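Peer 1: Turn this into a model:
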Amino acid sequence: MADRPLRPLTVFAAVSLLISAGLALWPHLTPAGNPTEWHAAAVVLGGLTLWATGIIPEAAAAIAFFAAAILLKAAPAEDVFSGFTSKAFWLVFGGLLMGMAVKRSGLGERLAHALVGRVGTSWLALCWGIAGIGMVLAFIMPSSMGRVMLMLPVVMGLADRLGYGPESRGRTGMALMTGMMGLGPAVGILPAVVPNNVMTGAAERLYGLSFDYFSWLTAAFPTLGLLKCLLIVGITWKMFAEEPPRRAQEQPPGPMSADEKRLSLLLSVTLLLWLTDRWHGISPAWISLAGGAACLLPPRPLVPMAAFNEKMSHGSLYYIAGLMGLGAVLSSSGVGDRLGNALLTLMPLSAEHPALSWLSQVVLTTVIALGATVPGTPAIMTPMAEAMATATGASLTMTLMTQAVGYSSVVLPYQVPPLILAMQLGGVRMKPAARYTLVLLLLTVVLIWPTTYGWWKLLALLP
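Peer 2: Prediction:
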């Protein structure tokens, strides 16, 4: 029996890891250069390779990154493990706990059935229903993977009841839309997606800069949120139009349980505190942590400790901490400055041409996301933000926020873990998925990029 050929992604990963090993060995073979910088470059390249290719689980890649960074002395321990002490880490932690409560209580399924299962029988109504539940869950469940895992079984069950068979246009569109709603419009909501949390955590660690929920919502949600949602609905409706072969018979939901009522109240209070954080001054991370802690409290916890120990996605936490630690290693080792200076010489950044400078940053972030994937991109871009802000005359806050425009502009499906999950569970092939993301990218560049720039100029956020 002939050996199976190696996949191109495996070959790429092997070559990249060999280069990483070479970088680690180089200062021991020649006296030239700073060993710390070479070791940091090796660790960063190795970590990004493992995360981008997915040849090992994300949590395992994060732990390997921690071990390599410490053993090679690429950065001080407090920098390598700084992700665990950042606000973003605890924001995600609280969000995961509340997401578990939403799923366990049945509240998530109730919302899904209310907004998806009862929207009607037309294809356009289905698209609006999926978009609606995606947007609602983005506000109350700060975990894109959790939202997709919650929605997809309900959406695929609805597809079955409507008569959409495997690989049918309608079924493919429903799965892809569910996955894309996990990232796309949710970027406009500060704690709702991993890259936002990685960027804000790195900004806090590197610059002592914090983002508040309401300001982010005001700046990002109208274009990166609502407008992106409209584009996703329109593209899905047009590309995968297929009227349901039969009418679904929906069972009306029963009365809300006591747990659902308690959780609804908790989520309402949490959302209210997030929306008003600029007035009371409590960080969204600590609000999220308090909300998650409330889910664990006796006498009737929304998330029992047995479920916490068995179902909690600890791997996601290691992943987040690893990505933020990578940014700290880049910064403290000096590699980030070298990389930033090299890129800055190639980019047309100047205070005299603010629109071109802004566009250059968005394009650079979009291109980097092709290699680092969307969650890993802020770890590379954030250490360069200060130099970019100085060159363009924009504030550091808006230079950092510009990343969101780039990493929300997805080129290919592999960049977005929730989309890949939806493809796997929905039985979607890569070809229609790639066509879907490329069409969305084209419309994003034509409509969302200039609209976002104009909105930020109108708000006087850009020079």
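Peer 1: Show me the chain divided up by domain.
Peer 2: 9-74, 75-458 (automatic domain parsing).
Peer 1: Tell me which of those sits most buried.
Peer 2: domain 75-458 (a mean of 20; mean count of other C-beta atoms under 10 Å). Heads up, the C-betas are built off the backbone N, CA and C, glycines and all.
Peer 1: any idea how far Ala138 is from Cys127?
Peer 2: Taking C-beta to C-beta, to the nearest Å as the measure, Ala138 and Cys127 are separated by 17 Å.
Peer 1: pLDDT of stretch 309-319, averaged?
Peer 2: Stretch 309-319 comes out with an average pLDDT of 80.
Peer 1: repeat for stretch 357-368
Peer 2: 91.
Peer 1: give me the low-pLDDT residue ranges for the protein?
Peer 2: Across the chain, the ranges flagged by pLDDT under 70 are 1-6, 31-33, 109, 112-121, 246-253, 278, 337, 340, 371-372.
Peer 1: for the chain, longest helix please?
Peer 2: Criterion DSSP state H: the longest helix present in the chain is helix 354-381.
Peer 1: With just CA atoms, put the host helix or strand of Phe214 into PDB.
Peer 2: Take DSSP states H and E as the rule and Phe214 turns out to sit in helix 213-220. Output of helix 213-220 as PDB, limited to C-alpha atoms (Å, rounded to 0.1, in the frame of the first residue of the first chain):
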ATOM      1  CA  TYR A 213     -17.400  49.000  26.300                       C
ATOM      2  CA  PHE A 214     -19.600  51.900  25.300                       C
ATOM      3  CA  SER A 215     -16.900  53.800  23.400                       C
ATOM      4  CA  TRP A 216     -16.000  50.700  21.400                       C
ATOM      5  CA  LEU A 217     -19.700  50.100  20.700                       C
ATOM      6  CA  THR A 218     -20.200  53.600  19.500                       C
ATOM      7  CA  ALA A 219     -17.200  53.600  17.200                       C
ATOM      8  CA  ALA A 220     -17.300  50.000  15.800                       C
END
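Peer 1: Summarise which helices and strands that helix is packed against.
Peer 2: Other helices and strands packing on helix 213-220, by 3 or more C-beta pairs under 8 Å, 6 or more residues apart in numbering; DSSP states H and E, are helix 258-275, helix 277-280, helix 396-407.
Peer 1: name the helices or strands packed onto the longest one?
Peer 2: Think helix 258-275. Using 3+ C-beta pairs under 8 Å, 6+ apart: helix 258-275 touches helix 87-105, helix 107-112, helix 123-140, helix 213-220, helix 284-296.
Peer 1: How far away from the center of its chain is the longest helix of the chain?
Peer 2: Mean C-alpha position of helix 354-381 versus that of the full chain (C-alpha atoms, centre = their mean, to the nearest Å) differs by 14 Å.
Peer 1: Next secondary structure element downstream of that helix?
Peer 2: helix 385-392.
Peer 1: how many degrees apart are that next one and helix 354-381 in direction?
Peer 2: 170 degrees (axes from the mean of the first three to the mean of the last three C-alpha atoms, to 10 degrees).
Peer 1: going forward can the numbers begin at 29, since that is how I track them
Peer 2: Noted, 29 is the first residue going forward, which turns the last one into helix 413-420.
Peer 1: contacting residues around helix 413-420?
Peer 2: Contacts with helix 413-420, where a contact means C-beta atoms under 8 Å, 6 or more residues apart in numbering, come from 231, 234-235, 365, 368-369, 372, 377-379, 382, 385-386, 389, 422-424, 427-428, 431, 491.
Peer 1: just stretch 458-474 next, same as before
Peer 2: 200, 204, 208, 212, 256, 259-260, 263-264, 267, 436-441, 447, 451.
Peer 1: let's see it at 7 Å
Peer 2: With contacts defined as C-beta atoms under 7 Å, 6 or more residues apart in numbering, stretch 458-474 is touched by Thr200, Leu204, Leu259, Ile260, Ile263, Met267, Ser437, Val438, Val439, Leu440, Pro441, Met451.
Peer 1: residues contacting the third one?
Peer 2: Pointing back at Leu259 there. With C-beta under 7 Å, 6+ apart, Leu259 has these contacts: Leu468, Leu471, Thr472, Leu475.
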